Structure formats: structure tokens, C-alpha cells
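Q: no sequence on this one, just coordinates:
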């Protein structure tokens, strides 16, 4: 049992910190974007004056904030985590951010004789609440073993992918595949529908064969039943594909279908769909189809 | 037990006809592109003088040829199947061809008081030999029930998708998803690799989550192990995506990622890769990535 810092108690962070508290750890946090949830306070969470102080009082400091600039600010801003670190502590970033910036952040933390672990998650709010998150980790193996018991309180599929940045790279790869598999199912079902077939029967016929995927199963059904309440919001997937496309430009490679998928998400957002479930990408393809099929 | 016509005894057709023969049916065929396999002859297959004669002697005539023009020629060419049909016979096209042309072919066969069943398959040579093909059927329900016992000798997942053309539409939808899921896995693994992560570890971490698919499992592994011998040849998938793209134009809809996937297959073919397995699409993306990643 130990003092664990947890910065970022939003929709994901609050239930994750709750599982750590239930596991016997004393959560240390600061008032950040939202007030500390009452459940955590009642459970004995300590609200510090600054992120610096959180880092001073804890051996492991977890960060769970929206994007790269917020991680930068939490770690390296005034009264930030870095100012409170001393040798031997571990910074764990569970946000989904740039793999390239992550490597730079890790190097700066290592210079303070501390370990850095990037550990983005998938599974969303449901997975956070159920402690069933998939956790993709970039770290040296010793640091991974040190914080693994904490991960096991929050998630189920926990993989050490490689060194620093590789956890974030894996998360970006995950979001590329999810977006493009949604796009694939959408193209196939729009084609089937416009050609006069019943898309529900087509989906059924394809399940179990080489076209089968988790996306055909879950998001294909959403497209057919027109249930586009999230789920996973398009604006969040736009953020993730932005990491992929910016990363691709920086690394010198081309991701043509990721770029198209982002444009289709942009088209949904332009129709007030930023908060639709990402399966609603099919609507953007439908606007690219004529309404008078012979 | 009955006389069954089978026109097109190639890599797929020969083992399929063999299963029908083993099921007690008398195969009737013609010398077409290749000589009738010795196994079928030894099993009692009848080699007719013309496709017209095959249609005269059989109640069910199965066609399994490469593409739309060949089906057109087999059915409606000189001494073709249509010339030998009489009321009540059933034409079953198991080739993968245009859904739009299929509807026209069906109408012409129906005018002869005969039934038309489109029943393209997936599963490839392996599935044909193992009698485990997926069969996607477009037909009226009575005609489907009539030929279903024959399908059950050749395949496992047999779905009546809808009326004529809907079987072919379903097959095109299948090929769209398979191509785009391959493209998705390829973009994700190239991104991961260029970002410095181990693509094998990334694939492992993603299996079981929302990115999981039959393609991530089978074709993702081929990309990592660099085993690009078919499998399913790129030139065959080019033919299928051509059906999708021509169909999209005729129907008035846009399939942007299918178009890109076809271009990537074209790029492979340009590098003498027409006979590579379709998972080798990853090679085309690799040529779009710089070789000097910092």
C-alpha cells in the first residue's frame, strides 16, 4: 500500500483512481479542472496544494489528461510534477498523446533519475468503471514490473509493448485500425444498400469469414440500427487520428486511408456530429451517395 | 441423385465438382479452358460436345468461371447454356461477377421459364478442397431450397442474402472489407514500425480489443513474417475491387478508401507483384515511407 499521485480525475481518471483507492492505496491529487470527486475524498484521498507537492509525497505519479499540451503543462509547468520529483520516483502517463513528444518527456524525466512509463488505455468509460481497460505500456521492464500491480487494479489486458513511446505508438495504431475498419464496414454496407441488398443480411453473411471483425460485429450493427449515441465520440477519434497524421508527417510516411477517414469525421463534425458515436462515419459516406438509386 | 452441369473446372471448380460427384451426382461438363480432370472422368463425369448439350441433359447447371464476360459467353454465347435450357431448369452462377450484370442475366434466364441463382463463394482453393466454402446466395427462396443440398456438399456457411444480384453484392461487400482491413492493418503496422515499435508486439497487444479482426490475425502475421506467397493473389482482388468501383460509379456512390486500396494493389502489380498474396499491399505503403527514420 502506498501513496499514489493521480492528476486528472475526469470521466476516465475518477473511476481509475477509485479502483486504486479500493486496492488500498492513498490517492494524492490537486484541484485541477474539476473538483475532486466526493467518493475519493470520503475514501481518504489527499488534496494537495500543487502538482509539485503531489510529486513530493508520492513514489508513483499517474497523469490522465486530454492531450499532449496538458501532459506537458502538468509535468513541466510552474509548480508542476517535475519540480517535486526526486531520484527513484515513477511518472506514469496514461493519457493518449503524441508518441514522439512522449519520448522527449521521458528523456527529461530520466534526467531527474526518475522512471517514465507511457501507458495509454482503450476501453473507454465503460472499461474504466469495470476495471477492464486494455493498457499498452512503453517502459523499461523494471519500471513496468514496479507499477504493474497498479495497472492490474485498473485493467485486464496489460502488454509491455516496448520502451518509452511504444505504448503511445500502439494506441495510435489501435485507433488507426478502429477508424479504418469502421470506414471499411461503412463502405461495404453503403454499397450493399445502394445495390439493393439488405445490409443486415449482408453483415450476417460476412460474420465468421475473412471480413469478420469486432467492428463489423459492434459498429456494423450500430450503422444498421442507426444508434449513434456514444460509445466513443467522433471528436475524440479526430484527436487520435490527428496524432497519427502529425506523427506520419514527422516520421516521413503516408497514411492515405487514415487521412480520408479523418476527412469523413470532419464532415460529420461539420454536420454537428462531433458528439456522435464514431460509427456515424457512415453518414458522411451516405452524403457522398446519390439518393435516387434505380 | 441427379445430373448436374458444371462449367468451369479450374482451381476452384474442379474440387467443388468433385464433392458433388462424391455426393452421388453425375457431373456433366465440356472441354473448356482446361481438360476435364482425370479424377472426375474416372468418377463417371460426362464430357458433352457443347454447353448447350450440358443444359439439355441437366436440371441444374453450375457455372464457375473467372469474370462477368465469361459468364455472359457461357450463358448466352453460340452453343451456350441458354440454347439448351427448357422450362423449370436452374442456372447457378458461383463465379464472382458484377451484381448489376447479374440482375440482367437473371432476367434473361427467367424469360426462359428457368430459375437463376447467384452464389459466389469465399474461402479460396483451401475452402474449395475442404468443402468449407462460404456461399452467399441471391435467389428466390424456392430456387434456393432446390439447390441448397448441392451447396451443402461444397460449403459450410450458406446464407440466402436476398433476391438475384444480392449474392454478388454480398461478395463485393466482403472483398471491400477484406481489402480495407488489410490496408488498415498495413497503415497501423507501418506507422508502428517507423515510430520505432516492434510491430509484432503491437499486433499482440491489439488482438482481442476493438482493433481485432480475422485480417489482423492472419494477414497481420503475414506482414510481420514477410510471407507473401498466396493465399489470395493481388490480381484476383484487383478484379473484385474493380467490380466494387465500377458498381459504385453505376450506382452513384463514392468509395474513397476502396479506390485507394485498388491503387495500392496497382502499385504492387507495377512491381511485378500481381501474384503476391493480398497482404503484400503493405509493401506499397512501405514504398510511400522514407527509409531514414530518425
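A: That came through fine. All of these numbers come straight from a predicted model, not from anything done at the bench.

Q: what about stretch A:254-262, near chain B?
A: Yes - using CB under 8 Å from any CB of the partner chain, stretch A:254-262 reaches chain B at A:254, A:255, A:256, A:257, A:258, A:260, A:261. Every residue, glycine included, has its C-beta placed from N, CA and C.

Q: go on, stretch A:243-250?
A: Yes - shown here: stretch A:243-250 in contact with chain B (CB under 8 Å from any CB) through A:244, A:247, A:248.

Q: thinking again about what came up before, can you list the residues of stretch A:254-262 next to chain B in a markdown table and add neighbour count and secondary structure?
A: Output for those, formatted as a markdown table (neighbours: other CB atoms under 10 Å in any protein chain shown; DSSP: H, G, I helix; E, B strand; the rest coil):
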| residue | neighbour count | secondary structure |
| --- | --- | --- |
| A:254 | 18 | coil |
| A:255 | 27 | coil |
| A:256 | 19 | helix |
| A:257 | 26 | helix |
| A:258 | 27 | helix |
| A:260 | 17 | helix |
| A:261 | 33 | helix |
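
Q: Tell me the one of the residues you listed nearest residue A:272?
A: residue A:261 (19.2 Å; CB to CB).

Q: sorry, back to before: which ones among the residues of stretch A:243-250 next to chain B map onto helices?
A: Of the positions in these, A:244, A:247, A:248 sit in helices, assigned by DSSP state H.

Q: quick one: the second one from residue B:187, how far?
A: Note on residue A:247: its distance to residue B:187, by CB to CB, to the nearest Å, is 12 Å.

Q: of those two, who's got more company?
A: Higher neighbour count among residue A:247 and residue B:187: residue B:187, with 28 against 22, using other CB atoms under 10 Å in any protein chain shown.

Q: What does the pLDDT read for the more buried one?
A: Confidence at residue B:187, expressed as pLDDT, is 98.

Q: my read is it is in a strand, agree?
A: No - per DSSP: H, G, I helix; E, B strand; the rest coil, residue B:187 lies outside any strand segment and is helix.

Q: Pull the contacting residues for it.
A: Residues near residue B:187 by CB atoms under 8 Å, 6 or more residues apart in numbering or on different chains: A:176, A:180, A:255, A:256, A:257, A:258, B:285.

Q: Could you dump those into JSON lines with pLDDT and distance to residue B:71 added?
A: Rendered in JSON lines, the data for the contacts of residue B:187 read as follows (pLDDT from 0 to 100; distance: CB to CB, whole Å):
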{"residue": "A:176", "pLDDT": "98", "distance to residue B:71": "38"}
{"residue": "A:180", "pLDDT": "98", "distance to residue B:71": "33"}
{"residue": "A:255", "pLDDT": "98", "distance to residue B:71": "38"}
{"residue": "A:256", "pLDDT": "98", "distance to residue B:71": "33"}
{"residue": "A:257", "pLDDT": "98", "distance to residue B:71": "32"}
{"residue": "A:258", "pLDDT": "98", "distance to residue B:71": "37"}
{"residue": "B:285", "pLDDT": "97", "distance to residue B:71": "34"}
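
Q: Which of those residues sits closest to residue B:218?
A: Residue B:218 lies nearest to residue A:180 out of the contacts of residue B:187, by CB to CB, at 16.9 Å.

Q: Quick check: phi and psi at the residue nearest to residue A:171 when sequence neighbours are not counted.
A: Using CB to CB, 6 or more residues apart in numbering or on different chains and skipping residues adjacent in sequence, the residue nearest residue A:171 is residue A:120, 3.9 Å away. Main-chain dihedrals, residue A:120, degrees, to the nearest 10: phi -70, psi 160.

Q: Measure how buried residue A:120 is and give me the count.
A: Look at residue A:120: counted by other CB under 10 Å, it has 27 neighbours.

Q: so what's it up against?
A: Contacts for residue A:120 (CB under 8 Å, 6+ apart) come out as A:93, A:94, A:95, A:96, A:97, A:135, A:136, A:167, A:168, A:170, A:171.

Q: Check these and tell me the two furthest apart.
A: Counting by CB to CB, the most remote pair of the contacts of residue A:120 is A:97 and A:135, 14.9 Å apart.

Q: Could you give the separation of the strand ranked longest in chain A from the chain centroid?
A: Counting residues, the longest strand found in chain A (DSSP state E) is strand A:155-162. Remark: strand A:155-162 is offset 14 Å from the chain centroid, using CA atoms, centre = their mean, to the nearest Å.

Q: quick one: is it near chain B?
A: Yes - residues of strand A:155-162 are located near chain B by CB under 8 Å from any CB, namely A:157, A:159, A:160, A:161, A:162.

Q: who wins for neighbours among these?
A: residue A:161 (27 neighbours).

Q: Pretty sure that one sits against residue A:136.
A: Yes - contact criterion CB atoms under 8 Å: residue A:161 and residue A:136 qualify, at 5.5 Å.

Q: shared neighbours, those two?
A: Common neighbours of residue A:161 and residue A:136 (CB under 8 Å, 6+ apart) are A:167, A:170, B:205.
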